[in-house]
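**Q** quick one, what's the 3D model for this:
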Amino acid sequence: MAFKLFVLAALVAVAAAGFAPIAVDTDYDPNPHYSYSYDVQDAVTGDSKGASETRDGDVVKGSYNFLEADGTRRVVEYTADPVNGYNAVVRNEAAGKVAVAKVATPVAYHAPIAYHAPVAYHAPYAAYHQPLAYHTKGMLYKSPPKRPPSTRTSPFSSSNNMAFKFVVFAALVAVAQAGYFAPQLAYHAPIAYAAAPITKTVVAAPVAKAVAVDTDFDPNPQYSFSYDVQDALTGDSKGQSESRDGDVVKGSYNFLEADGTRRVVEYTADPVNGFNAVVRNEAAAKVAVAKVAAPVAVAKVATPVAYHAPLAYHAPLAYHAPLAYHAPAYHTKIIG
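**A** Residues are numbered from 1 along each chain as shown. Sure, this is the predicted structure:
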C-alpha cells in the first residue's frame with residue numbers, strides 16, 4: 001500500500017512539473033464599448049438629477065445635471081480621450097420646480113399597553129442528591145493472542161528492491177522538476193508568453209477645437225525711444241532714453257532736483273541679473289528763463305462828474321395852535 005501511494009505521489013509531482021496551463025485573462029477587451037444613463041425626478045423629496053455616458057474604445061463622452069440650492073440647474077458636458085485628455089463645459093440653466101407631492105399626515109401614534117414584568121421565577125425546591133459512589137470492579141488483563149507469522153512477500157524484499165529503487169529515483173527527479181528544491185537550483189525565467197496579435201480598431205480623433213493664436217506675439221521684441229524737455233518759460237529740464245533687445249533692457253533718465261542739481265539714473269534689466277540701477281547727482285547749469293514782456297499800461301478812465309448833494313431840507317412852517325375855544329353863550333329867558 002505504501003508503495004502505491006509513493007508511486008501516486010511521484011506521478012502527481014511529474015504532472016505538476018511542467019504541464020500546468022498558463023493563465024490567460026479572457027476578460028480583457030482591447031476595444032471596450034458601453035453606454036448608460038439615468039434620470040431621477042422625485043416628486044416626494046424634490047430631487048432632480050440625471051447622467052449619461054458612452055465609451056467607444058479610448059474615447060468617453062457624457063454629461064450630468066442636478067439642481068443647485070438657488071433653484072438653477074447645473075449641467076456638465078465632458079469628453080476624455082488619450083489626445084486631448086479630460087475637458088468639461090459647465091453651465092447653469094433656469095430650471096422649473098419639481099412638483100412635490102403632498103404626503104398624507106401619519107395616523108396618530110398610540111403608546112402600547114404598559115408592559116408588566118413576568119412573575120418572579122422560583123427555583124425548584126427539589127434538593128440535589130449526590131449520586132451513589134461508583135465502585136469499579138477489578139478485572140484481569142490478558143494479552144491478546146500472538147498472530148501467526150505472515151507468509152506474504154514484503155514489497156521491500158530483495159526481489160522488489162531494484163524496482164523500488166528505480167521508482168524512488170524517478171520520484172526524486174519528478175519532485176526536483178516540480179520545484180520543491182528550488183533554493184538549490186538556478187532560477188530560470190519563465191517562457192515568454194506571446195499573445196496573438198490583436199487587431200485594434202483605430203478610432204478617429206475628435207475634431208480639435210480651433211485654438212486662438214496671438215498673432216501679435218513677438219518672440220524677440222526690439223524697440224528704442226527717447227525724449228528731452230528744456231522749457232525756457234517754466235524752467236523744466238528732464239529727459240529719458242530706453243532700448244530693448246530681446247529680454248535685455250537698457251536706459252537712463254534725468255531731472256532737476258529742488259537744490260538745483262541734476263539727478264541721473266542709468267539702469268539695466270535682464271532675466272539673469274534682474275533690475276540694476278546706478279544713481280548720481282551732477283551740478284546742472286540753470287536754464288535761462290525768458291523774461292516776460294511788461295504788461296501794456298491800462299488807460300485811465302475819466303473821473304466821473306462831481307456828486308452834488310441835494311438841496312437842504314427845510315422844515316415846514318411852524319404849527320400854529322387854533323384860536324382859543326370859547327364856550328357858547330347861554331341866554332336866560334325870564335318868564336314873567
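
**Q** which stretches of the stretch 1-150 of the chain have low pLDDT?
**A** Within the stretch 1-150 of the chain, the segments meeting pLDDT under 70 span 1-2, 14-22, 97-150.

**Q** let's go with 50 and repeat that
**A** 126, 132, 136, 138-139 (pLDDT under 50).

**Q** can you show me the strands along it?
**A** Along the stretch 1-150 of the chain, the segments classed as strands by DSSP state E, counting those that start in this stretch run 33-41, 48-56, 59-67, 72-81, 85-94.

**Q** now those strands as JSON lines including distance to residue 281?
**A** Glycine gets a C-beta too; all of them are placed from N, C-alpha and C. As requested, the strands of the stretch 1-150 of the chain are arranged in JSON lines below (distance: least, Cβ to Cβ, whole Å):
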{"stretch": "strand 33-41", "distance to residue 281": "78"}
{"stretch": "strand 48-56", "distance to residue 281": "73"}
{"stretch": "strand 59-67", "distance to residue 281": "69"}
{"stretch": "strand 72-81", "distance to residue 281": "64"}
{"stretch": "strand 85-94", "distance to residue 281": "59"}
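
**Q** mind splitting the protein into its structural domains?
**A** 33-94, 222-283 (automatic domain parsing).

**Q** ends of the last one, what's the gap?
**A** The straight-line separation of the ends of domain 222-283 (Cα to Cα, to the nearest Å) is 34 Å.

**Q** tell me the mean pLDDT over it?
**A** Mean pLDDT, domain 222-283: 95.

**Q** cool, stretch 171-188 as well?
**A** For stretch 171-188, the per-residue pLDDT averages 60.

**Q** those helices in the protein, which residues are they?
**A** 2-18, 161-178 (DSSP state H).

**Q** out of those, which is closest to residue 28?
**A** helix 2-18 (25.9 Å; Cβ to Cβ).

**Q** could the strands of the stretch 1-150 of the chain go into TSV alongside mean neighbour count?
**A** Formatted as TSV, the strands of the stretch 1-150 of the chain follow (neighbours: other Cβ atoms under 10 Å):
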stretch	mean neighbour count
strand 33-41	10
strand 48-56	15
strand 59-67	16
strand 72-81	15
strand 85-94	10
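
**Q** for residue 212, find the nearest of those strands.
**A** strand 85-94 (15.8 Å).

**Q** tell me the strands beside the closest one, with direction?
**A** The strands beside strand 85-94 in its sheet (DSSP bridges) come out as strand 72-81 (antiparallel).

**Q** so what angle separates the directions of the partner strand and strand 59-67?
**A** On the basis of axes from the mean of the first three to the mean of the last three Cα atoms, to 10 degrees, strand 72-81 is oriented at 170 degrees to strand 59-67.

**Q** just to revisit the earlier point, redo the helices of the chain as a markdown table? Include distance to residue 234 and mean neighbour count.
**A** As requested, the helices of the chain are exported to a markdown table (distance: least, Cβ to Cβ, whole Å; neighbours: other Cβ atoms under 10 Å):
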| stretch | distance to residue 234 | mean neighbour count |
| --- | --- | --- |
| helix 2-18 | 105 | 13 |
| helix 161-178 | 107 | 14 |
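
**Q** for residue 168, find the nearest of the domains of the chain.
**A** domain 33-94 (58.3 Å).

**Q** thanks a lot, see you next time.
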